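J.: I would like the atomic coordinates for the input below:
(one chain, ligands or ions: 1)
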Amino acid sequence: MKQFHDRVAVVTGAASGIGRALAERFAEEGMRLVLADVDGVALAGVANALGVEGATILPVNTDVSKAADAAHLADAAWSAFGAVHLLCNNAGIACEGVPAWEQTPETWTRILGVNLWGAINGVRAFVPRMIADGHEGHIVNTASAAGLRTGPFVSPYYASKHAIVAFTESLHFDLQLAESKLKVSALCPAFVKTSIADHSPGFPPAMRARVETGMEPRVIAQRVLEAVREEKFWILTHPEFDELIRTRFEGMLQGENPAPHIFGATAPID
Ligand SMILES: NC(=O)c1ccc[n+]([C@@H]2O[C@H](COP(=O)([O-])OP(=O)(O)OC[C@H]3O[C@@H](n4cnc5c(N)ncnc54)[C@H](O)[C@@H]3O)[C@@H](O)[C@H]2O)c1
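T.: The predicted structure is shown next:
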């Protein structure tokens, strides 16, 4: 997608962090925005701030884990603007850091509900209409470097992010085979300075410290914009994690057992 001005972007999880930064960056390009979040108060704040700067914003309270909410979001977008060109399935949460056998069914349901079903619901609600409209467009699913490598303690998060990477790659193949004009990207950042720890009860303290010193969300948003413009599928933003990803796949091919590490660092988890 080369043109952004006046085109319509939908961003989920837009009230904070990476989603907010995406909304701000897209507004700078003159896009019209449909912003979705489960936190209606924070969402209204972001919508007001961007509106004051002159952007055209439609905030829609949405729980992305609910198919009916995603369908309502799509209806609202087409009613307001008549089209959607850029869909960012970005909303996500993390979980407490405990061994895999202690993660509760409730945690699994919550994490998979938002991180995986959120993207599935978004694709199901938006992509058929985007295809039918027949114009250029792009879908960005926010996965994580945690979708390309693994580690201990947050198994539901790793599982959800591996699943969204696989889902996003399949979507890319399916759209190609359908000869659609829609392109796809998988956003796979490592640590980004957002409020994810505050939005995720029990968030591991060692991981919180990495998030607080992480990359600025506006840097991620710039990378997303460039990837959409250049039609790049993979958006890997943290080169310092490349070696861990490479080691994982090479070890797999060599038949080596996964080597222990914690969140890509040697620091013990507390
Ligand atoms: N921060 C990081 O280090 C990091 C790294 C890799 C990937 N990610 C991913 O980036 C995405 C955005 O996270 P962030 O770091 O900006 O966190 P954040 O908590 O700052 O923002 C996430 C937003 O999603 C919203 N949200 C949560 N559940 C929702 C739901 N059910 N429906 C709609 N909105 C919901 C929250 O209210 C919040 O506004 C997530 O998918 C996360 O997994 C984050």
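J.: Residues of the stretch 101-250 of the chain that sit close to the ligand?
T.: Counting by Cβ under 6 Å from any ligand atom, the stretch 101-250 of the chain comes close to the ligand at 114, 142, 144, 189, 191-192, 194-196, 199, 211, 214. (Each C-beta comes from the backbone N, C-alpha and C, glycine too.)
J.: Filter the residues you listed down to the ones in strands?
T.: Judged by DSSP state E, the subset of these located in strands is residue 142.
J.: tell me the phi and psi of residue 170?
T.: phi -60, psi -40 (degrees, to the nearest 10).
J.: which residues does it contact?
T.: Going by Cβ atoms under 8 Å, 6 or more residues apart in numbering, residue 170 touches no other residue.
J.: Could you measure from it over to residue 176?
T.: Distance, residue 170 to residue 176, using Cβ to Cβ, to the nearest Å: 11 Å.
J.: Repeat that for residue 219.
T.: To residue 176, residue 219 is 29 Å away according to Cβ to Cβ.
J.: Those two: who's more crowded?
T.: Between residue 219 and residue 176, counted using other Cβ atoms under 10 Å, residue 219 has the larger neighbour count: 15 against 12.
J.: so that one sits right up against residue 237, yeah?
T.: Yes: using Cβ atoms under 8 Å, residue 219 is in contact with residue 237, at 7.3 Å.
J.: Please compute how far the lowest-mean-pLDDT helix or strand in the chain lies from its chain's middle.
T.: When each helix and strand of the chain is scored by mean pLDDT, DSSP states H and E, helix 205-212 comes last, with a mean of 92. In terms of Cα atoms, centre = their mean, to the nearest Å, the centre of helix 205-212 is set 19 Å apart from its chain centre.
J.: and the helix or strand encompassing residue 227, what other elements does it pack with?
T.: Applying DSSP states H and E as the criterion places residue 227 in helix 217-230. Under the contact definition 3 or more Cβ pairs under 8 Å, 6 or more residues apart in numbering; DSSP states H and E, helix 217-230 sits against helix 17-28, strand 137-142, strand 182-188, strand 234-236.
J.: so how far is that helix off the chain centroid?
T.: Distance, centroid of helix 217-230 to centroid of chain: 13 Å (Cα atoms, centre = their mean).
J.: Next, the angle from that helix to strand 182-188.
T.: Angle of helix 217-230 versus strand 182-188, following axes from the mean of the first three to the mean of the last three Cα atoms, to 10 degrees, is 150 degrees.
J.: What residues of helix 217-230 count as buried?
T.: 217, 220-225, 227-228 (16 or more other Cβ atoms under 10 Å).
J.: just stretch 4-18 next, same as before
T.: For stretch 4-18, burial by neighbour count (16+ other Cβ under 10 Å) applies to 4, 7-18.
J.: thinking again about what came up before, take the residues of the stretch 101-250 of the chain next to the ligand and, keeping just the buried ones, write it as a PyMOL select command.
T.: Selecting only the buried entries of these in PyMOL, with 16+ other Cβ under 10 Å as the criterion:
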select buried, resi 114+142+144+189+191+192+194+196+199+211+214
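J.: from the buried residues of stretch 4-18, which single one is nearest residue 63?
T.: Relative to residue 63, the closest of these is residue 12; by Cβ to Cβ it sits at 9.9 Å.
J.: That closest one and the ligand: what is the separation?
T.: Here the criterion is Cβ to the nearest ligand atom, to the nearest Å. By it, residue 12 lies 5 Å from the ligand.
J.: try residue 83
T.: When residue 83 is compared with the ligand (using Cβ to the nearest ligand atom), they lie 22 Å apart.
J.: What is the nearest of the buried residues of helix 217-230 to residue 180?
T.: If you rank the buried residues of helix 217-230 by distance to residue 180 using Cβ to Cβ, residue 228 comes first, at 15.4 Å.
J.: Not counting residues beside it along the chain, what's closest to the closest one?
T.: residue 138 (4.7 Å; Cβ to Cβ, 6 or more residues apart in numbering).
J.: Report pLDDT for the one you found.
T.: Per-residue confidence (pLDDT) for residue 138: 98.
J.: tell me the contacts of the nearest residue to residue 25 once chain neighbours are set aside?
T.: With Cβ to Cβ, 6+ apart as the criterion, residue 25 has its nearest non-adjacent residue at 3.8 Å, and that residue is residue 221. Residue 221 sits next to 18, 21-22, 24-26 when contact means Cβ under 8 Å, 6+ apart.
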